[in-house]
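K.L.:
here are the coordinates; sequence isn't available:
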């Protein structure tokens with residue numbers, strides 16, 4: 001297990017280094033922030049002074065080297081617009097994004113897995129066809145249109161839920177969260193549901209496919225021959241065997257929920273990391289953009305590492321084959 005984890009950590013460090021190079025070069029190429037930050041009537045002297053103050057007069061390699069040196073100390077740069085550390089801005093918004101992503105993941109797991117198991121246990125029935133048809137809508141409907149329809153139905157027509165904002169927040173274990181108040185929970189339901197509908201469909205189909213592959217296996221037939229109830233067979237023996245691919249997908253999707261919640265946060269005016277990214281792109285605030293992307297990369301890598309470890313615990317053959325290779 002130790003060799004397995006050390007090897008994954010070394011691979012993760014290499015990935016972070018390569019991705020940081022690509023991100024830094026890409027952000028450098030998209031434009032000059034001074035053109036947006038300064039007014040149109042700024043003089044050439046003002047422009048040169050701003051370029052020097054922001055450190056944009058140095059060659060790209062030197063800028064990247066300074067970035068790496070500061071990143072090792074936990075400093076991902078200072079915002080051009082807000083003049084505060086980029087990490088401070090992002091961490092201030094991170095709670096809102098994480099709680100939204102976690103609630104969306106909970107929706108995906110506790111709705112997608114039961115519906116997928118129900119569909120897989122009753123194949124080619126009206127129930128199965130209805131659930132699979134519904135999952136197609138989850139894949140097909142654009143996220144932004146889906147969010148607008150949710151607002152129209154539940155906020156405008158029915159007036160059940162608030163349409164925008166984070167609502168009233170409270171503290172749980174010293175962490176500010178919308179989950180601590182009923183008003184905050186009401187504000188979370190629609191954006192979390194909008195963020196999770198695609199994931200619900202994905203988990204449903206994956207669970208159904210895994211069920212269809214597992215139910216004809218010999219150990220299931222043997223369990224039936226022993227006289228075990230169908231409920232025990234499915235919820236004990238079958239569920240344990242289908243959880244490996246589901247855990248992998250869920251782990252990957254948690255990272256994507258955090259990284260790609262930009263559209264949802266914009267539609268519902270949710271004050272999270274995604275909305276900060278959009279605002280920073282509009283003014284070419286390079287340090288915030290790079291810091292946001294690097295944090296997302298680290299989240300993806302950390303989640304993948306955790307999933308690999310859980311996977312290897314559930315199936316020791318994985319880490320043994322990795323060590324032999």
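P.N.:
On my side now, so go ahead. Everything quoted here is computed from the prediction, not taken from an experiment. Numbers count the residues shown, from 1 in each chain.
K.L.:
Go through stretch 252-272 and flag the buried ones.
P.N.:
253-268, 270-272 (16 or more other Cβ atoms under 10 Å). In short, each C-beta sits where N, CA and C put it, glycine included.
K.L.:
Endpoints of that stretch, how far apart?
P.N.:
Taking Cα to Cα, to the nearest Å, the first and last residues of stretch 252-272 lie 20 Å apart.
K.L.:
who touches it?
P.N.:
The contact list for stretch 252-272, computed with Cβ atoms under 8 Å, 6 or more residues apart in numbering, reads 93-94, 96-98, 100-102, 104-105, 108, 143-144, 147-148, 151, 163-166, 190-191, 194-196, 199, 202, 273-275, 277-278, 296, 299-300, 303-304, 307.
K.L.:
rounded to a whole number, what's the mean pLDDT of it?
P.N.:
Averaged across stretch 252-272, the pLDDT comes to 80.
K.L.:
distance between it and the chain's centre?
P.N.:
Distance, stretch centre to chain centre, for stretch 252-272: 7 Å (Cα atoms, centre = their mean, to the nearest Å).
K.L.:
just stretch 231-240 next, same as before
P.N.:
29 Å.
K.L.:
and what of stretch 276-283?
P.N.:
19 Å.
K.L.:
quick one: buried residues of it?
P.N.:
Using 16+ other Cβ under 10 Å as the test for burial, stretch 276-283 gives 276, 277, 280, 281.
K.L.:
Now render those residues as TSV, adding pLDDT, distance to residue 158 and secondary structure.
P.N.:
Formatted as TSV, the buried residues of stretch 276-283 follow (pLDDT from 0 to 100; distance: Cβ to Cβ, whole Å; DSSP: H, G, I helix; E, B strand; the rest coil):
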residue	pLDDT	distance to residue 158	secondary structure
276	82	31	helix
277	82	32	helix
280	82	35	helix
281	81	34	helix
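K.L.:
Go through those and say which is closest to residue 115.
P.N.:
residue 277 (32.5 Å; Cβ to Cβ).
K.L.:
Look up how far residue 275 lies from the closest residue to the closest one other than its chain neighbours.
P.N.:
The shortest distance from residue 277 to any non-neighbouring residue, by Cβ to Cβ, 6 or more residues apart in numbering, is to residue 292 (5.1 Å). Noted for residue 292: a distance of 11 Å to residue 275, by Cβ to Cβ, to the nearest Å.
K.L.:
of the two, who's got more company?
P.N.:
Taking other Cβ atoms under 10 Å, residue 292 and residue 275 do not tie; residue 292 has more neighbours (25 against 20).
K.L.:
residue contacts, that one?
P.N.:
For residue 292, the contact set (Cβ under 8 Å, 6+ apart) comprises 86, 90, 273, 276, 277, 280.
K.L.:
element containing residue 176, please.
P.N.:
Per DSSP states H and E, residue 176 falls inside strand 175-177.
K.L.:
Give me the residues contacting that strand.
P.N.:
Applying Cβ under 8 Å, 6+ apart, the external contacts of strand 175-177 come out as 95, 99, 169, 170, 171, 184.
K.L.:
Which of those sits closest to residue 122?
P.N.:
Residue 122 has its nearest neighbour among the contacts of strand 175-177 in residue 99, at 35.2 Å by Cβ to Cβ.
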